[in-house]
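S.K.: could you look at this predicted model? Sequence included:
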Amino acid sequence: MSDTIFALASGRPPAAIAIVRVSGPLAHQAGGQIAGELPMARVASLRSFRDPGSGDILDEGLLLRFDGPASATGEDVVEFHVHGGRAVVDAMLSALGALDGLRQADPGEFTRRALENGRIDLTEAEGLADLLEAETESQRRAALANAEGGLRRQVAEWQSRLIDLSGKAEAAIDYVEDEGTGGFTTLSRDCASLALELSDWLDRPRLEPLRDGVRVVIAGPPNSGKSSLLNAILGSERAIVTDISGTTRDHVDAPLAIAGVPIVLTDTAGLRETGDVVEALGVERSRDLIEIADLLLWLGDSDDRPTHPRTVQLHPRCDLTDRVAVPNGSLAVSSVTGEGIKPLLARIVQLAATLLPAEGAVALNRRQSAELTVARDELQSAGPASDIVLVAEHLRSARAAFDRLTGRAGMEDVLDALFSRFCLGK
């Protein structure tokens, strides 16, 4: 029998209302000890909440009862809706903590129990974690698509087809001589068709750029105006600007949202050969950041531009009268007058959009993509396999990848990492 857990399930006090949640086999008993007779399931009732030890009134509020498995966690649950002052919340938590068999919940433990009891799968739990951390409208929509089971439903459809293919392969092991080659050809074709469908999903933009922000790296030689451009885009003095070459020794990250698109804008050390040990480390780090950049803003000569699939060539300091004419393909910008900043932001949003999932679409994260890749590769191997026993084994491996994708098999390390992102009471 699992422990009965409790925690504050709403925001930190002070607040207008606080929700204290209890889940587990002793939840209803605990509710009765504090609030008296429990109401009907899913019916909110006004109750006086008392300390079971002293009999003192703690507060007056609403009590809700949920019967497992038809609850958020799949277990018996009670919720106390009380006034959101610190003293009230502390008194409620202390009273619950004094009851035998109850303990404070760990971060994410309510959601973990929902996963373990089959109320949600791992993809929905990951979507919920992203939803709790969402800061932009695009992040909210993408997270909600997974939290509401968008990927789970798609995976269930794939699993159903895969189980059907596995059944045919297992049956063919014993009866392949009787059925001839027709059934084997159909099986191979169906494996290839499902593999192609998975490949289409793997080609979609991933979730990380939307969740973590599209990394836009500002790079160029020393004293080319990189830090000034960062400050101009942010509208504040985030980076130090001087006339001395090599002022920026380390990168500066600045998260922001442009037209609802999450961006991590990065100022880097100027690229040049240098005998200064500290500056050389900064230059090496700049080259590494250029390698992992989603989008590169280059302020140097086009001949010296690093190879990158998404580069915006800039012509900085265009307000200076002694500057040469704007080269073809370059965008003129001035951090002093603001010229070109709006077109630059529009260009950043345009390029970033190619890296982000469609608005509200279901998107894969890195872990999900890795498991889906395993399933796709196994299906691709099953298609041309000439031995039906090998086909069946490839299909079993593909099913195992789907089980890991949904959290049905051997994922303790993944679960620990995921639920550590949750707060108490979730």
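M.R.: Yep, it's here.
S.K.: now R21: how far from H81?
M.R.: The gap separating R21 from H81 is 10 Å, by CB to CB, to the nearest Å. Where you see a C-beta, it was placed from the backbone N, CA and C, and this is true even at glycine.
S.K.: could you do L395 as well?
M.R.: As it turns out, when the distance is counted by CB to CB, L395 lies 50 Å from H81.
S.K.: neighbour-wise, which of these two wins?
M.R.: The residue with more neighbours, out of L395 and H81, is L395; 27 against 19, by other CB atoms under 10 Å.
S.K.: my guess is the more buried one meets A169, correct?
M.R.: Yes: counting by CB atoms under 8 Å, L395 does reach A169; the two are 5.6 Å apart.
S.K.: would you list the phi and psi of the nearest residue to A293 once chain neighbours are set aside?
M.R.: Leaving aside its chain neighbours, A293 sits nearest to V217 (3.8 Å; criterion: CB to CB, 6 or more residues apart in numbering). The main-chain torsion angles of V217 are listed as degrees, to the nearest 10 and equal phi -100, psi 130.
S.K.: tally of neighbours for V217?
M.R.: Counted by other CB under 10 Å, the residues lying close to V217 total 25.
S.K.: show me what contacts it?
M.R.: Taking CB atoms under 8 Å, 6 or more residues apart in numbering as the contact definition, V217 lies against T266, T268, L289, I290, A293, L295, L296, L297.
S.K.: tell me the bridge partners for it.
M.R.: Beta-bridge partners of V217, counted by DSSP bridges, are T266, L296.
S.K.: state the distance from it to L281.
M.R.: For V217, the distance to L281 under the criterion CB to CB works out to 17 Å.
S.K.: all helices of the stretch 151-300 of the chain, in order?
M.R.: Secondary structure of the stretch 151-300 of the chain (DSSP state H, counting those that start in this stretch): helices located at 182-202, 208-212, 226-234, 277-292.
S.K.: elements contacting the first one?
M.R.: Applying 3 or more CB pairs under 8 Å, 6 or more residues apart in numbering; DSSP states H and E, one finds that helix 182-202 contacts helix 150-179, helix 366-382, helix 388-406.
S.K.: got those helices as CSV, with mean pLDDT and distance to N223 columns?
M.R.: Written out in CSV, the entries for the helices and strands packed on helix 182-202 read as follows (pLDDT from 0 to 100; distance: least, CB to CB, whole Å):
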stretch, mean pLDDT, distance to N223
helix 150-179, 82, 48
helix 366-382, 94, 38
helix 388-406, 91, 50
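S.K.: tabulate those helices (a markdown table), appending distance to T4.
M.R.: Conversion of these to a markdown table gives the following (distance: least, CB to CB, whole Å):
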| stretch | distance to T4 |
| --- | --- |
| helix 150-179 | 28 |
| helix 366-382 | 31 |
| helix 388-406 | 27 |
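S.K.: poorly predicted segments of the protein, please.
M.R.: Screening the chain residue by residue with the criterion pLDDT under 70, one finds the ranges 1, 174-183, 236-250, 275, 321-324, 385-386, 409-418, 425.
S.K.: how does it divide into domains?
M.R.: What the record gives for the chain is the domain set 4-105, 128-205+363-419, 210-353, from automatic domain parsing.
S.K.: which one, of those, ends up nearest to E116?
M.R.: Closest of those to E116 is domain 4-105, at 7.8 Å (criterion: CB to CB).
S.K.: end to end, how far does that closest one reach?
M.R.: End-to-end distance for domain 4-105, by CA to CA, to the nearest Å: 9 Å.
S.K.: with adjacent residues omitted, what lies nearest to the residue most central in space within the chain?
M.R.: Residue closest to the average C-alpha location in the chain (CA atoms, centre = their mean): D130, at 4.3 Å. Nearest-residue entry for D130: A143, 3.7 Å, with adjacent residues in sequence omitted and distances by CB to CB, 6+ apart.
S.K.: need the contact list for that neighbour.
M.R.: With contact taken as CB under 8 Å, 6+ apart, A143 is in contact with G127, L128, D130, L131, E133, A134, R211.
S.K.: now the last one: how far from D164?
M.R.: I take that to be R211. Relative to D164, R211 is positioned 34 Å away (criterion: CB to CB).
S.K.: picking that back up, which one of the helices of the stretch 151-300 of the chain is the most hemmed in?
M.R.: When the helices of the stretch 151-300 of the chain are scored by mean count of other CB atoms under 10 Å, the highest mean neighbour count falls to helix 226-234 (a mean of 23).
S.K.: angle of that one against helix 277-292?
M.R.: Between the axes of helix 226-234 and helix 277-292, defined by axes from the mean of the first three to the mean of the last three CA atoms, to 10 degrees, the angle is 50 degrees.
S.K.: what is helix 226-234 packed up against?
M.R.: Using 3+ CB pairs under 8 Å, 6+ apart, the elements in contact with helix 226-234 are strand 214-219, strand 252-258, strand 261-267, helix 341-353.
S.K.: for L151, which of the ones you listed is the nearest?
M.R.: strand 261-267 (20.6 Å).
S.K.: put the alpha carbons of the closest one into PDB.
M.R.: Presented in PDB, the C-alpha positions along strand 261-267 are these (Å, rounded to 0.1, in the frame of the first residue of the first chain):
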ATOM      1  CA  VAL A 261       8.900  33.900 -30.100                       C
ATOM      2  CA  PRO A 262      11.200  32.900 -27.200                       C
ATOM      3  CA  ILE A 263      14.800  34.000 -28.000                       C
ATOM      4  CA  VAL A 264      18.100  33.700 -26.200                       C
ATOM      5  CA  LEU A 265      20.300  36.500 -27.500                       C
ATOM      6  CA  THR A 266      24.000  35.900 -27.000                       C
ATOM      7  CA  ASP A 267      26.800  38.400 -27.200                       C
END
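S.K.: for that strand, name the packing helices and strands.
M.R.: Judged by 3+ CB pairs under 8 Å, 6+ apart, strand 261-267 is in contact with helix 137-147, helix 208-212, strand 214-219, helix 226-234, strand 252-258, helix 341-353.
S.K.: what lies in contact with that strand?
M.R.: Residues lying outside strand 261-267 but in contact with it, judged by CB under 8 Å, 6+ apart, are 135-136, 138-139, 210-218, 226-227, 230, 233-234, 238-239, 248, 251-257, 289, 293, 348-349, 352-353, 356.
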